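Novice: Sequence first, predicted coordinates after that:
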Amino acid sequence: MLNLVRRLYNYYISDDKEFARRLHDLLGFMPANLSIFKLAFSHRSNTSTNDEKTYAIQNNERLEYLGDAVLGTIVGEYLFQKYPNADEGFLTKMRSKIVKRKSLNKIGDKMGLDVILTEHNNTRLSRSMLGNAVEALVGAVYLERGYWHTRRFVIKKMLMNYVDVHELEHYDDNYKSQLLEWCQKNGQNISYKLLARYKYEKRDRFKVAVMIDGKKLATADDFNKKSAEQTASEKALIALGVIVGEEEDEEENDD
């Protein structure tokens, strides 16, 4: 009863009723605890405090962590039921294709999360903030409604609307493997070089280059070295004309 009153208050009376109504359209239900969802859209770069405890409370990193775990479980269960005869390797690859950062960035963009992020952050919007917000939003829904309602939200509002699972079956996103195959066919040597390791938003970040016959062909930055190598490989494949490039998904400082 109390939650019903809060939901009605959020929708009709609250000073944040416009935000609440936008959430209603986005989620398919009216949240009772708006503060959790506000936090879901508060990026770490928007905080100005150096106090670690306060820092953790004022941004969406904890919700992002929770949402990542819940999302992985839901997507894994969804694929397990959708492909009853598929082996572990296929299911693992399919889950990775859906929950990887680049895919979540695209889902966040299609959901229109950029508008909400812009309103709640005094910082420049980057592509990765969209994926972070998707995970944090899933975490917020989980805290608000529990697992089964979150499962319904992820499947009905995210997967069925913004992910073409059948297309992903035939999509090869292992760019390192593709580039290695191309180099072997063309008699060229490939290697990766770590150009820099630095701190960005209090986390280690890696800048790597892909080298073809000793010459730098492409570079990329990421919080994970293997992910940076994958992105650099994708850029190299685009430069070589092997694949067609898509819209840039990296953060603004990836130059």
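Specialist: Perfect, I can see it now.
Novice: Might you report the residue contacts of Arg6?
Specialist: Ala32, Asn33 (Cβ atoms under 8 Å, 6 or more residues apart in numbering). Every residue, glycine included, has its C-beta placed from N, CA and C.
Novice: what helix or strand is it on?
Specialist: For Arg6, the element it lies in under DSSP states H and E is helix 2-12.
Novice: got any ranges where this protein has weak pLDDT?
Specialist: Scanning the chain with the threshold set as pLDDT under 70 gives 46-57, 245-255.
Novice: give me that answer again for 50
Specialist: Residue ranges of the chain with pLDDT under 50: 48-56, 248-255.
Novice: Can you show me the helices along it?
Specialist: Assigned by DSSP state H, the helices in the chain fall at 2-12, 17-27, 34-40, 52-57, 61-82, 88-99, 101-111, 113-120, 127-145, 147-152, 160-162, 165-169, 175-185, 225-239.
Novice: I'd like those as TSV, with distance to Ala196 appended.
Specialist: TSV is the format used below for those (distance: least, Cβ to Cβ, whole Å):
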stretch	distance to Ala196
helix 2-12	46
helix 17-27	38
helix 34-40	32
helix 52-57	25
helix 61-82	24
helix 88-99	26
helix 101-111	20
helix 113-120	28
helix 127-145	18
helix 147-152	38
helix 160-162	34
helix 165-169	33
helix 175-185	20
helix 225-239	10
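Novice: leaving aside the residues next to it on the chain, what's closest to the residue most central in space within the chain?
Specialist: Nearest to the geometric centre of the chain sits Gly131, at 2.6 Å (Cα atoms, centre = their mean). In space, Gly131 comes closest to Leu104 once its chain neighbours are excluded; the distance is 3.4 Å by Cβ to Cβ, 6 or more residues apart in numbering.
Novice: ok, the one you found touching Val134?
Specialist: Yes - under the criterion of Cβ atoms under 8 Å, Leu104 makes contact with Val134 at 4.7 Å.
Novice: rewinding a little: need the winner for burial among the helices of the chain.
Specialist: helix 127-145 (a mean of 25; mean count of other Cβ atoms under 10 Å).
Novice: Could you check how far that one is from the centre of its chain?
Specialist: Chain-centre distance of helix 127-145: 9 Å, with Cα atoms, centre = their mean, to the nearest Å.
Novice: now swap in stretch 203-212 and tell me
Specialist: 20 Å.
Novice: Give me the residues contacting it.
Specialist: For stretch 203-212, the external contacting residues (Cβ under 8 Å, 6+ apart) are 179, 183, 188-199, 216-225, 228-229, 232-233, 235-236.
Novice: Can you select the buried ones among these for me in ChimeraX?
Specialist: Here is the ChimeraX selection string for the buried members of the contacts of stretch 203-212, based on 16 or more other Cβ atoms under 10 Å:
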select :179,183,190,192,217,218,219,220,221,222,225,228,229,232,233,235,236
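Novice: among the contacts of stretch 203-212, which are in strands?
Specialist: Of the positions in these, 190-199, 216-222 sit in strands, assigned by DSSP state E.
Novice: So the residue of the chain positioned farthest from its centre versus Ile212, what's the distance?
Specialist: Residue farthest from the centre of the chain, counting by Cα atoms, centre = their mean, is Gly187 at 36.2 Å. Distance check for Gly187 against Ile212: by Cβ to Cβ, to the nearest Å, it reads 11 Å.
Novice: Then Leu34?
Specialist: For Leu34, the distance to Ile212 equals 52 Å [Cβ to Cβ].
Novice: now Gly89
Specialist: Gly89 sits 29 Å away from Ile212, going by Cβ to Cβ.
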